[in-house]
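# With the sequence up front, the predicted model follows.
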Amino acid sequence: MGSLQLKSIRKAFGGHEVLKGIDLEVKDGEFVIFVGPSGCGKSTLLRTIAGLEDVTSGSVQIDGAEVGHVAPAKRGIAMVFQSYALYPHLTVKDNMGLGLKQAGAPKKEIDEKVAKAAGMLSLEPYLARRPAELSGGQRQRVAIGRAIVREPKLFLFDEPLSNLDAALRVNTRLEIARLHRSLKATMIYVTHDQVEAMTLADKIVVLNAGRVEQVGSPMELYNRPANVFVAGFIGSPQMNFIEGERLGDTQAKTIGIRPEHIGLSRESGDWKGKVIHVEHLGADTIVYLDTEEVGTITVRLFGEHRYAEDDIVHATPIIGGMHRFDADDRVINSGQ
Amino acid sequence: MSKARASLGRTAGVHIALIAYTLVALFPVFLTIVNSFKSRNAIFREPLALPTPETFSLIGYQTVLKQGDFIGYFQNSTIVTVVSIALVLLFGAMAAFALSEYRFRGNALMGLYLALGIMIPIRLGTVAILQGMVATGLVNTLTALILVYTAQGLPLAVFILSEFMRTVSDDLKNAGRIDGLSEYAIFFRLVLPLVRPAMATVAVFTMIPIWNDLWFPLILAPAETTKTVTLGSQIFIGQFVTNWNAVLSALSLAIFPVLILYVIFSRQLIRGITAGAVK
């Protein structure tokens, strides 16, 4: 079991308010990811759930029980940190077992649980080593193992993959996804990497400047962003934003079109423009255009295309690819 | 350093400078030890000569060991130094942990207040300290010296250690909290081992002035039973006649305990640096 309820969480450091009233509900077994630009309060929110920061006001409930004044160790949570945070003087085995030892579990039970977690993460050969003798990926697996051993109601991950190199990041991401499936545990994960968010999450919470901008499944956020911020934050390359007036739309202040929802043609199309830069990625070709009608836009084409700088091309948005936003940056409708 | 970058000339230059400095630093120590093994006449005739069979003499050491209770003096010095260092490290580290780890009103002011002692010499308060010791009946006890030296060493210890403790990863401390370690366990088992190099530095900086101090032993604990080595050696320095053999022998003997302590601490220093921490 592991559900979480946050009710109007506020957190201020001195006079500076970092979290400005956050409401959130996480159901048992969900994988929830907090994303947002740096300084948006996502890590602070995770720390308040863990009990490492006190909330200024609001309530945190785990499994329906108020935990506002409960010590981190008693909340039934486990946390994985960006910097691994392994105890340097303890072996892998002792690192993983320390939480249970502190809780007064019998040695036999600790050994069993550590062995089980080590088995899940293929850490058996390293149990007697110290963290200094492990590679970055192994250390992060130990940190994840330490969390598993505690059998928590909630797993908290604070940017666990940020210190790993690209190849390891993908492997560890898969490992975390696999763990979530096999443990069926509730996981809350903080990242600034939207690929991690899109690939792992059941539910994404987009945070900006201490507020929740939108909560939804990855595809909901992609297909129906609630506002300009979410539209711009989810998706890479970023969505193109065009002033409504330029397209003769009096109702919408801004119109957003994702780069992959624009087609290019040398012969004809809605917007005529000059290619200013092309990025060839193999699977994708990203073309930057300077158009007369809508200014500079980005177009993402699948596969290889032989466009070059200074080519004159015509761009056409595909039907159903437009997102219209009002003067308050809120969505009017998507898929026009 | 890579071989390609270190040219022979530069390496030689660095070594010459270091060797020159080593010679300058070791020369007085060398002179003290060499002359402590010579007869009085030989010391004055040729101060720089090594002892030869004719000039070799242990008269200085004999005098030192006969006159007064030098073993006792050594014991006093060692007790005072070791206990003071232990207290300075313990309380200094605790204060530094509180300053670096917890947010509370007046944190910065408190840090400044605790570090103020670096700038104000404790000897300015000698009269008040003496009055206090007389009032509490601590005059002529080692406790008096330990208390004063602990107070003297704390400001620098708090200052250095709090800077170092800020560099200890917050994640590590938080991981400990989630695993159910108490704040004391986090302090003693996670943070202290990681700041061991800084502790060794503080220990060395604290130890030398305490061991060499003449002022406070002379004022607070001049009794025969509580004399320290430095104070004990003073009996050989007279207004008119100085027994150089004895003074040099006493000083030579006084070097070794500090040397041993220093070796212990510098070992810690190296071990601390090589121990792998986070990342």
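Received, thanks. Source: prediction; values computed, not measured. Residues are numbered from 1 along each chain as shown, chains lettered A, B, ... in the order given.
# From now on I want contacts and neighbour counts done on CA atoms only, so please keep to that.
Will do.
# Low-confidence ranges, the stretch 151-279 of chain B, go.
Applying pLDDT under 70 to the stretch 151-279 of chain B flags the ranges B:269-279.
# What segments of it are helices?
For the stretch 151-279 of chain B, the helices defined by DSSP state H, counting those that start in this stretch occupy B:170-178, B:183-185, B:192-194, B:196-212, B:215-220, B:229-233, B:244-274.
# and chain A, which of the ones you listed is closest to it?
Closest of the helices of the stretch 151-279 of chain B to chain A is helix B:170-178, at 4.4 Å (criterion: CA to the nearest CA).
# And chain A, is that closest one touching that?
Yes. Counting by CA under 8 Å from any CA of the partner chain, contacts between helix B:170-178 and chain A involve B:171, B:172, B:174, B:175, B:177, B:178.
# mind putting the helices of the stretch 151-279 of chain B in TSV, mean neighbour count included?
Shown next, in TSV, are the helices of the stretch 151-279 of chain B (neighbours: other CA atoms under 10 Å in any protein chain shown):
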stretch	mean neighbour count
helix B:170-178	22
helix B:183-185	12
helix B:192-194	20
helix B:196-212	20
helix B:215-220	19
helix B:229-233	23
helix B:244-274	17
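# Redo those helices as TSV? Include distance to residue A:213.
Listed next are these as TSV, based on distance: least, CA to CA, whole Å:
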stretch	distance to residue A:213
helix B:170-178	28
helix B:183-185	37
helix B:192-194	41
helix B:196-212	46
helix B:215-220	67
helix B:229-233	72
helix B:244-274	46
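# who wins for proximity to residue A:249 among those?
For residue A:249, the closest of those is helix B:170-178, at 50.7 Å, according to CA to CA.
# Could you list the residues of the stretch 101-250 of chain B in contact with chain A?
Proximity of the stretch 101-250 of chain B to chain A (CA under 8 Å from any CA) is limited to residues B:169, B:171, B:172, B:174, B:175, B:177, B:178, B:179, B:180, B:181, B:190.
# Same question for the helix or strand hosting residue A:179: list its buried residues.
Under the criterion of DSSP states H and E, residue A:179 resides in helix A:166-183. By 16 or more other CA atoms under 10 Å in any protein chain shown, the buried positions in helix A:166-183 come out as A:169, A:172, A:173, A:175, A:176, A:179, A:180.
# Can you tell me the SS state at the residue nearest to the first one when sequence neighbours are not counted?
Meaning residue A:169. In space, not counting the residues next to it along the chain, residue A:169 is nearest to residue A:161; the distance is 5.7 Å by CA to CA, 6 or more residues apart in numbering or on different chains. Assigned by DSSP: H, G, I helix; E, B strand; the rest coil, the conformation of residue A:161 is coil.
# Break chain B down into its structural domains.
B:1-57, B:60-274 (automatic domain parsing).
# Pick the most buried one from the ones you listed.
Ranked by mean neighbour count, these are led by domain B:60-274 with a mean of 18 (mean count of other CA atoms under 10 Å in any protein chain shown).
# what's the closest of the buried residues of helix A:166-183 to residue B:112?
residue A:169 (44.2 Å).
# Residue B:172 versus the closest one, what's the distance?
22 Å (CA to CA, to the nearest Å).
# before we move on, the earlier item: so which elements touch the helix holding residue A:179?
Counting contacts by 3 or more CA pairs under 8 Å, 6 or more residues apart in numbering or on different chains; DSSP states H and E, helix A:166-183 is packed against helix A:136-149, helix A:194-200.
# Which residue does the stretch 151-300 of chain A have closest to chain B?
Closest approach between the stretch 151-300 of chain A and chain B, counting by CA to the nearest CA: residue A:163, at 8.4 Å.
# Over to that residue: give its phi and psi.
Main-chain torsions, residue A:163, degrees, to the nearest 10: phi -90, psi 0.
# What pLDDT is listed against it?
At residue A:163, the model reports a pLDDT of 87.
# Residue B:37 too?
At residue B:37, the pLDDT value in this model is 89.
# I figured it hits residue B:57, correct?
Yes. Contact criterion CA atoms under 8 Å: residue B:37 and residue B:57 qualify, at 5.4 Å.
# List the contacts of the residue nearest to residue A:169.
Contact analysis of residue A:161 by CA atoms under 8 Å, 6 or more residues apart in numbering or on different chains lists A:82, A:169, A:172, A:173.
# Identify the residues contacting the third one.
Which is residue A:172. A:137, A:141, A:161.
# ok, the closest residue to the second one other than its chain neighbours - how many residues close by?
Right, residue A:141. Excluding its sequence neighbours, the residue lying closest to residue A:141 (CA to CA, 6+ apart) is residue A:121, at 6.6 Å. Other residues near residue A:121 number 17, with proximity taken as other CA atoms under 10 Å in any protein chain shown.
# and residue A:121, how far is that from chain B?
Distance of residue A:121 to chain B, computed by CA to the nearest CA, to the nearest Å: 19 Å.
# Which pLDDT does the model give that residue?
Predicted confidence (pLDDT) for residue A:121: 90.
# can you check the one 3 residues further on too?
Looking at residue A:124, its pLDDT reads 91.
# Touching, it and residue A:116? I think so.
No. Between residue A:124 and residue A:116 there is no contact under CA under 8 Å: 9.5 Å.
# and the helix or strand where residue A:98 lies, does that touch chain B?
Per DSSP H and E, residue A:98 falls inside helix A:92-102. Yes. Counting by CA under 8 Å from any CA, chain B has neighbours in helix A:92-102: A:98, A:99, A:100, A:102.
# ok, so of those, who is nearest chain B?
Distance ranking of these against chain B, using CA to the nearest CA, places residue A:99 first at 4.1 Å.
# Which residue is the nearest non-sequential neighbour of the closest one?
In space, residue A:99 is closest to residue B:179, 4.1 Å off (CA to CA, 6+ apart).
# wait, that neighbour sits on residue A:98?
Yes. The criterion here is CA under 8 Å, and residue B:179 meets it with residue A:98 at 6.6 Å.
# Next, find the distance separating whichever residue of the stretch 101-250 of chain A sits closest to chain B from residue A:18.
Of all residues in the stretch 101-250 of chain A, residue A:132 sits closest to chain B, at 4.8 Å by CA to the nearest CA. From residue A:132 across to residue A:18, the span is 35 Å (CA to CA).
# Compare the residues of helix A:92-102 next to chain B and tell me which is most surrounded.
Counting by other CA under 10 Å, top hit in the residues of helix A:92-102 next to chain B: residue A:99 with 25 neighbours.
# Thought residue B:175 was touching that one, still the case?
No. Residue A:99 is beyond contact range of residue B:175, at 9.5 Å (criterion: CA under 8 Å).
# so who does residue 39 touch?
Picked chain A for this. Residues near residue A:39 by CA under 8 Å, 6+ apart: residue A:209.
# Actually, chain B is the one I wanted.
When the contact criterion is CA under 8 Å, 6+ apart, the partners of residue B:39 are B:55, B:56, B:57, B:58, B:59, B:245.
# Return the closest of those residues with respect to residue B:158.
Closest approach to residue B:158 among the contacts of residue B:39 (CA to CA): residue B:245, at 41.2 Å.
# pretty sure that closest one contacts residue B:36?
Yes. Proximity of residue B:245 to residue B:36 meets the contact threshold set by CA under 8 Å, at 5.7 Å.
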